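Q: My questions are about this predicted structure, shown below with the sequence.
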Amino acid sequence: MEAVVERENMLQAWKQVKSNKGSAGVNGMDIEATHVHLREHWPRLREELLEGSYQPQPVRKVEIPKPGGKGMRQSGIPTVVDRLIQQVMHQVMQPIFDPDFSESSYGFRPGRGAHQAVKQAREYVSTGRRWALLLPDDTNFDTNCFLIISQAESYPQLSQPSAWETDSWQCSTYQIVFLP
């Protein structure tokens, strides 16, 4: 935890959170208000983090339209302070745990995403594999997140990665499992 609350880590995290320009959480404090708040309250928050007694605030619930006008989904917006704490934790933990993730994991990893997953799928298809199962790594088990591909080379999504963005492929993270 000392590495988490180290000054340089905090400054780097603050720059990242500030650049994301997110909305205020349940406490109503935006980036600027949080900056003022942290000047006064950072020593207490730092101590709570080091002691393990820090308690995040509830998230502000919002409804976001699903792609293609297919209804709404619930989402939560953490406070800016909680996003900052998530970011400092991420910056310390990601280099420790990322090497242990499956090579098939493309979600929320540095330099990886949907386009890299499609590229890997195309490479597998070129080696003769014909079945792929794409599974979400997250908990948003929307029916659009599951797709079994038979005869994968016949799908335009594999030859045109930009097609990945169509609503039938909308899901934040994927695991791709290829079967012989």
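A: Yes, it's here. What you see is a predicted model; the values in this text were computed from it and never measured. Numbers count the residues shown, from 1 in each chain.

Q: Now do the strands in this protein.
A: For the chain, the strands defined by DSSP state E occupy 60-65, 72-77, 131-135, 147-150, 175-179.

Q: What residue in the chain is the furthest from its centre?
A: Going by Cα atoms, centre = their mean, the residue of the chain most distant from its centre is Gly128, 31.7 Å out.

Q: how about low-confidence regions in the protein?
A: Scanning the chain with the threshold set as pLDDT under 70 gives 107-108, 130-180.

Q: Check what contacts the lengthiest helix in it and list those residues.
A: If you go by DSSP state H, the chain has its longest helix at helix 31-51. Residues outside helix 31-51 that contact it (Cβ atoms under 8 Å, 6 or more residues apart in numbering) are 1-2, 4-5, 17-18, 21-22, 24, 29, 54-55, 79-81, 84-85. C-beta coordinates here come from the backbone N, C-alpha and C atoms, glycine included.

Q: and Glu103, how many residues sit next to it?
A: The number of residues packed near Glu103 is 7, by other Cβ atoms under 10 Å.

Q: so where do the helices sit in the chain?
A: With DSSP H as the criterion, the chain has helices spanning 7-20, 31-51, 80-97, 114-126, 156-159.

Q: Ser105 is nearest to which of those helices?
A: When the helices of the chain are compared for distance to Ser105 using Cβ to Cβ, the nearest one is helix 114-126, at 9.2 Å.

Q: do you know how far Arg129 is from Arg122?
A: 11 Å (Cβ to Cβ, to the nearest Å).

Q: Then Met29?
A: With the distance defined as Cβ to Cβ, Met29 ends up 46 Å from Arg122.

Q: ok, now Gly113?
A: Applying Cβ to Cβ, the value for Gly113 to Arg122 is 15 Å.

Q: follow-up on the earlier one: okay, the angle between the longest helix of the chain and helix 80-97?
A: If you take axes from the mean of the first three to the mean of the last three Cα atoms, to 10 degrees, helix 31-51 sits at 50 degrees to helix 80-97.

Q: sorry, back to before: which of Met29 and Arg122 has more residues huddled nearby?
A: Comparing Met29 with Arg122 by other Cβ under 10 Å, the one with more neighbours is Met29, at 18 against 15.

Q: Let me know whether that one touches Thr79 as I believe.
A: Yes - at 6.6 Å, Met29 and Thr79 qualify as touching, with contact defined as Cβ atoms under 8 Å.

Q: got any residues that touch both of those two?
A: Counting by Cβ under 8 Å, 6+ apart, nothing touches both Met29 and Thr79.
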